[in-house]
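**Q** generate a structure from the sequence data that follows.
(one chain, ligands or ions: 1)
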Amino acid sequence: MGIDSQEPSALEAEKRAAARASAMLVEDGMRVGLGTGSTVRYLLPALAERHLALRCVATSVATELLARQLGLSLEPFEALDALDIAIDGADQIAPDGWVIKGGGGAHTREKIVALAATRFVVIASSDKVVPALGPPVPLELLAFGLPATLRALGDARVRAGAPASPDGGVIADHYASFGDPAPFAVTLDATPGLVDHGLFPASMVSDVLVAHGDTVEHRHVG
Ligand code: A5P
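**A** Numbers count the residues shown, from 1 in each chain. The predicted structure follows:
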């Protein structure tokens, strides 16, 4: 077995370890935001196994379907205005706790859920840890005026083959280099036609759980 065939399973084991550790942070009676992606796919069975009475909100159709199959109790996010905890994956995690999300195009819903949660927990395999965030930054754009919005953004392109978000948004990515993510996020936030972007500030993140082999590193951020 070569390195290439070993790598994916080692990372999958790390995703599973981080996800299972995060499931232990959930307590009976909590309102729980469920993120999206391959790491969250390990969270859902770990949560279901605990047989807690939970009220869950899903950030994507894929998460909702799997959560229902596993017997987790789902509610539309129109029914709750706050959550006790939200748990989600990330594409990049910087040392200061800023993260990039949206590799699966679900970052708008993920950010709404993260902000509504008292505690937002990021779970990841070790390959997601980076010395500094960098492009691409996922975007969700309104279809109306799309060429004008892309022109205003500069180095942004619609993501090839990406379906529209469940809310009808066009998924794109920004490829410009940036240093400090904070002013870049302010610029993106001020662009008409941009629904949301995948830069999540450290102030939004409570905990980061990153697995390194069998060990899960738990960092308290915001
Ligand atoms: C979904 O849009 C993303 O924000 C995911 O949470 C992120 O891409 C991490 O996904 P994986 O757990 O699949 O790496």
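**Q** the ligand contacts on the chain?
**A** 35-39, 88-91, 101-107, 110 (Cβ under 6 Å from any ligand atom). Every residue, glycine included, has its C-beta placed from N, CA and C.
**Q** elements contacting the helix or strand bottoming out on mean pLDDT in the chain?
**A** Sorting the helices and strands of the chain by mean pLDDT, DSSP states H and E puts helix 3-23 at the bottom, at a mean of 84. For helix 3-23, the contact count by 3 or more Cβ pairs under 8 Å, 6 or more residues apart in numbering; DSSP states H and E identifies helix 40-48, strand 83-88, strand 117-125, strand 207-212, strand 215-220 as packing neighbours.
**Q** next, Val137: phi, psi?
**A** Here is the backbone geometry of Val137 (degrees, to the nearest 10): phi -110, psi 120.
**Q** ok, it touching Asp173?
**A** Yes - the criterion here is Cβ atoms under 8 Å, and Val137 meets it with Asp173 at 6.6 Å.
**Q** compare those two (neighbour count), which wins?
**A** Neighbour totals were compared for Val137 and Asp173, and Val137 leads with 26 against 21 (other Cβ atoms under 10 Å).
**Q** okay, now the nearest residue to that one once chain neighbours are set aside: neighbour count?
**A** Leaving aside its sequence neighbours, Val137 sits nearest to His174 (Cβ to Cβ, 6 or more residues apart in numbering; 4.4 Å). Counted with other Cβ under 10 Å, residues neighbouring His174 total 23.
**Q** ok, back up a step: helices - which of the residues of the chain next to the ligand land there?
**A** His107, Glu110 (DSSP state H).
**Q** contacts only, for the closest residue to Ile85 other than its chain neighbours.
**A** Leaving aside its chain neighbours, Ile85 sits nearest to Arg119 (4.6 Å; criterion: Cβ to Cβ, 6+ apart). Neighbouring residues of Arg119 by Cβ atoms under 8 Å, 6 or more residues apart in numbering: Leu25, Asp84, Ile85, Ala86, Ser206, Asp207.
**Q** which phi and psi does Ala176 have?
**A** phi -70, psi 140.
**Q** surely it touches Pro136?
**A** No - contact criterion Cβ under 8 Å: Ala176 and Pro136 do not qualify, at 9.2 Å.
**Q** ok, and the most crowded of the contacts of Arg119?
**A** Of all those, Ala86 has the most neighbours under the rule other Cβ under 10 Å, reaching 27 neighbours.
**Q** isn't Arg41 right next to Leu65, touching?
**A** No - using Cβ under 8 Å, Arg41 is not in contact with Leu65; the gap is 11.1 Å.
**Q** give me the more crowded residue out of these two.
**A** Arg41 (17 against 12).
**Q** quick one, what contacts the more buried one?
**A** Arg41 neighbours (Cβ under 8 Å, 6+ apart): Ala19, Leu66.
**Q** returning to what we had before: closest to the ligand out of the contacts of Arg119?
**A** Nearest to the ligand among the contacts of Arg119 is Ala86, at 11.2 Å by Cβ to the nearest ligand atom.
**Q** setting aside sequence neighbours, what's the nearest residue to the closest one?
**A** Ala86's closest residue in space is Gly33 (Cβ to Cβ, 6+ apart), at 3.0 Å.
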